[in-house]
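In: One predicted model, sequence on top.
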Amino acid sequence: AAGYAFDGWYNEAGVKVSANAEYTFKMPEEATVLTAKFAAKTYSAAVSATTGGLASLDTGGFPADGIPYGTSLTATATVGEGYWFDGWFDGETLVSGELVYTFAMSDGGANLTARFSEKQAAVLVTVSPAEGGTVTIDAGGADVRNIPAGTTVQLRATPAAGQEFAGWFIDGTVLGKDAGYAFVAEKFTYPLEARFQKFGTNDSRENADTGNNLPLAFVLTALSALLAGGVLFLAAKRRRV
């Protein structure tokens, strides 16, 4: 079977009588029992990491250059500050996007690389309520979680039937009321909320937000939102799109 090698023929006393897969012998006067034994092949496993993180491998107690076929291995990636984890790669093939990747040793061994990329900007949009409408994000073709700094990001909110758009918000602070909103991304994570409401509703939450009556061309500065990774400062010029 795959991952195993023939070890030999053994008699009832446990003595190897032949190491050849084909064993020819003279039938003795008494019945005899022979056992064909197989042993799991052993392989090497290694992990490495690109700039931006660390990689480690749990081999289950086996030496890295002598791991039996089928052994469960666990590769763990640790992400450095200011980087994203892109995944575990075997050559150019992505095998897992999880930080902790458990797999079985297969034929040929394992050589995995944990890849990381420098954080750029990320735009995370929550639609509230979820059934209120949809949002499209145009970041010039870039992944919305890894947008190069300096890219103009364009957002467009489309209300569902019977709904109207109430505004773009960060941490409860309104950025704009137009369905189209654009800003130049910096190296931050932007946790935006697109709010919708039933058509004709006077949402009292909006009245408490500052910035409701700002002119179309305004500069929003020193807006801070406490995030899991720290404090976000957003400086963005709003324009109609």
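Out: Here it is on my side, so go on. From a predicted model like this one, the values you see are computed outputs, not experimental measurements.
In: Spatially central residue in this structure, please.
Out: The centroid of the chain falls nearest to G97 when counting by CA atoms, centre = their mean (4.3 Å).
In: Would you check that that one makes contact with W84?
Out: No: shown here, G97 and W84 do not form a contact pair, counting by CB atoms under 8 Å, at 10.8 Å. The way it works is simple: take the backbone N, C-alpha and C, and place the C-beta from them, glycine included.
In: Where do the helices of the protein begin and end?
Out: With DSSP state H, the ranges of helices along the chain come out as 204-208.
In: that older thread, what about the residue nearest to the residue nearest to the centre of the chain when sequence neighbours are not counted, how many neighbours?
Out: Residue nearest to G97 in three dimensions, not counting chain neighbours: G87, with 4.5 Å by CB to CB, 6 or more residues apart in numbering. The number of residues packed near G87 is 19, by other CB atoms under 10 Å.
In: Test of understanding: give the bridge partners of G87.
Out: Beta bridges link G87 to R115, judged by DSSP bridges.
In: can I assume it is in contact with V79?
Out: No: G87 lies out of contact with V79 (CB under 8 Å); the separation is 11.5 Å.
In: separation between the residue nearest to G97 and G172?
Out: In this view, G87 and G172 are 35 Å apart by CB to CB, to the nearest Å.
In: repeat for A104
Out: In terms of CB to CB, A104 sits 49 Å off from G172.
In: And the pLDDT at N212?
Out: You'll see N212 listed with a pLDDT of 38.
In: ditto for E30
Out: E30 carries a pLDDT value of 81.
In: What count of nearby residues applies to it?
Out: Neighbours around E30, by other CB under 10 Å: 5.
In: Repeat that for L192.
Out: L192 sits with 22 neighbouring residues when counted by other CB under 10 Å.
In: go on, the one 3 residues further on?
Out: Residue crowding around R195 was assessed by other CB under 10 Å; the count is 21.
In: Show me what it bridges to in the sheet.
Out: S128, G167.
In: Could you list which residues are in contact with the residue nearest to I67 when sequence neighbours are not counted?
Out: Spatial nearest neighbour of I67, chain neighbours left out: M105 (5.1 Å); criterion: CB to CB, 6+ apart. M105 sits next to G3, Y43, A45, I67, P68, Y69, G70, T71, S72, L73 when contact means CB atoms under 8 Å, 6 or more residues apart in numbering.
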